[in-house]
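>>> Predicted structure and sequence below. I'll ask about it afterward.
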Amino acid sequence: MLNVGKIEEGFVLDHIKAGKSMSIYKHLGLDKLDCTVAIIKNARSGKMGKKDILKVECDINTLNLDILGFLDHNITVNVVKNCEIVQKLPLSLPKEIRNVLKCKNPRCITSIEQELPHIFVLTDEAKEIYRCKYCEEKYGSKDSFKI
Amino acid sequence: MRHLMSPLDFSTEELDRLFTLAEDIEQNPARYAHACEGKKLATCFYEPSTRTRLSFESAMLNLGGSVLGFSDANSSSAAKGESVSDTIRVISCFADICAMRHPKEGAPMVAASRSSIPVINAGDGGHQHPTQTLTDLLTIRAIKKRLDNFTIGLCGDLKFGRTVHSLINALVRYENIHFVFISPEELTIPDYIIEMLREKNVSFQEVRKLEEVMPDLDILYMTRVQKERFFNEEDYVRLKDYYILDKEKMELAKSDMIVLHPLPRVNEISVEVDDDPRAVYFRQVQYGVYVRMALLLTLLGIEG
């Protein structure tokens, strides 16, 4: 059994689908932050069998977690202060996502201009539908066209 | 500074003002003959479209302004690999307003986000063609004297036909419009439009045969099956002659029904229909110039 110590302040992202923690790590931009991160892969889980966990030691105001709502709304976000969980954040779909999905429409301007950010706007919250800001191509949050 | 990317960029009240201005231009062209003196319009056309480009150029010349630009991507810096963002920054130094057509969807929006002059979307791929929509609306308003309470049939390529998509988006804002979508199975209206109509509770029906709905229509909007939208030549050949509007079908229509077409026509409307007073597609071209004149004045802020 592997033990990872408590964090002083930051987030514990629990119930990440097994094997997906590196993807979450990348989309949260943790590679660009100068903070301590523990990536726990394939941890035992009564509910899920196997799961991943991310522990991020950081000022809780520095990290924008909106994207988690899009990537996987089953993730549990625990906010930690003074080594204690002080809050569980509800996840909701972000209004706009940037460089997470890649537009698959071959007629979209993003297909030829590589430097453009791939921006998707939430157009139907109930159905979890996003549309490309440029060409309005539709994407469900379950579609796997992630960058 | 305002741009025009979609017909929805203007509220219905703003459209009313625009159409009133266009009608005044039609009645009093001399009053506007020098309104844009000293102003330059850049027509940046990355794909060929003589009609739309000439309509814009005619509109600016009628207002006393000048025009410059290019008419296909090969004669622009795009052939050297320049991005749309860079091109518009350069064009902004040459002109006061830009009309852009691009085969890629969203390209004019990218241009608008980097531009220091107003950008008009003159058609982006199969996506939007707002000035055609303004033309269509002005034509309907001028002839039918209203923009509400009618049944409109849209016939032909409803999948890739951007004029159709733009027109639907614009018309759903008016009261009591019933849409009839007439297309072959392969070219049906995209799901996002159907979704939008359902959400807004707008009535519509989808049919395959033009004849069966002709008697119900107040307006018939014909479209061409566009070769350039197909990746596969075989599909194009199979679908291009699916609907042909002829005298026989016109006999089934109401006496005050009107036929619109964004042009160019290939063979989807038989030439024998041209003399029918209900065929208004050539008048529509003229309204296109008036509405573009009104649009140039409005976006340049020299209205009135």
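Right, received. Where do you want to start? Nothing here was measured: the structure is a model prediction, and the numbers come from that model. Numbers count the residues shown, from 1 in each chain, chains lettered A, B, ... in the order given.
>>> Which positions in the stretch 151-300 of chain B make contact with chain A?
B:191-192, B:195 (Cβ under 8 Å from any Cβ of the partner chain). (C-beta placed from N, C-alpha, C; glycine too.)
>>> how about 6 Å then?
By the rule Cβ under 6 Å from any Cβ of the partner chain, the part of the stretch 151-300 of chain B lying against chain A is residue B:192.
>>> From residue B:183, how far out is the residue positioned nearest the centre of chain B?
For chain B, the residue nearest the mean C-alpha position is residue B:132 (1.5 Å; Cα atoms, centre = their mean). Noted for residue B:132: a distance of 18 Å to residue B:183, by Cβ to Cβ, to the nearest Å.
>>> Share the number of residues neighbouring residue 74, please.
All of this refers to chain A. For residue A:74, the neighbour count with other Cβ atoms under 10 Å in any protein chain shown is 13.
>>> actually it's chain B I care about, not the one you picked
Using other Cβ under 10 Å, residue B:74 has 9 neighbouring residues.
>>> returning to what we had before: what sits closest to the residue nearest to the centre of chain B if chain neighbours are left out?
Closest residue to residue B:132 apart from its sequence neighbours, by Cβ to Cβ, 6 or more residues apart in numbering or on different chains: residue B:163 at 4.7 Å.
>>> any idea where the strands of the stretch 101-250 of chain B begin and end?
B:119-124, B:150-155, B:177-182, B:204-207, B:219-222 (DSSP state E, counting those that start in this stretch).
>>> Pick the most deeply packed of those strands.
strand B:119-124 (a mean of 28; mean count of other Cβ atoms under 10 Å in any protein chain shown).
>>> need the contact list for residue B:52.
Taking Cβ atoms under 6 Å, 6 or more residues apart in numbering or on different chains, we find residue B:52 in contact with residue B:122.
>>> Next up, phi/psi of it, please.
phi -70, psi -40 (degrees, to the nearest 10).
>>> Looking at chain A, which residue is nearest chain B?
residue A:134 (2.4 Å; Cβ to the nearest Cβ).
>>> Can you list the low-confidence ranges for chain A?
Applying pLDDT under 70 to chain A flags the ranges A:1-2, A:141-147.
>>> Strands of that one, residue ranges please.
Counting by DSSP state E, one finds strands in chain A at the ranges A:10-17, A:36-45, A:49-57, A:76-81, A:84-89, A:96-98, A:119-124, A:129-132, A:138-140.
>>> list the helices and strands the longest one packs on?
Contact analysis of strand A:36-45 by 3 or more Cβ pairs under 6 Å, 6 or more residues apart in numbering or on different chains; DSSP states H and E lists strand A:49-57 as its packing neighbours.
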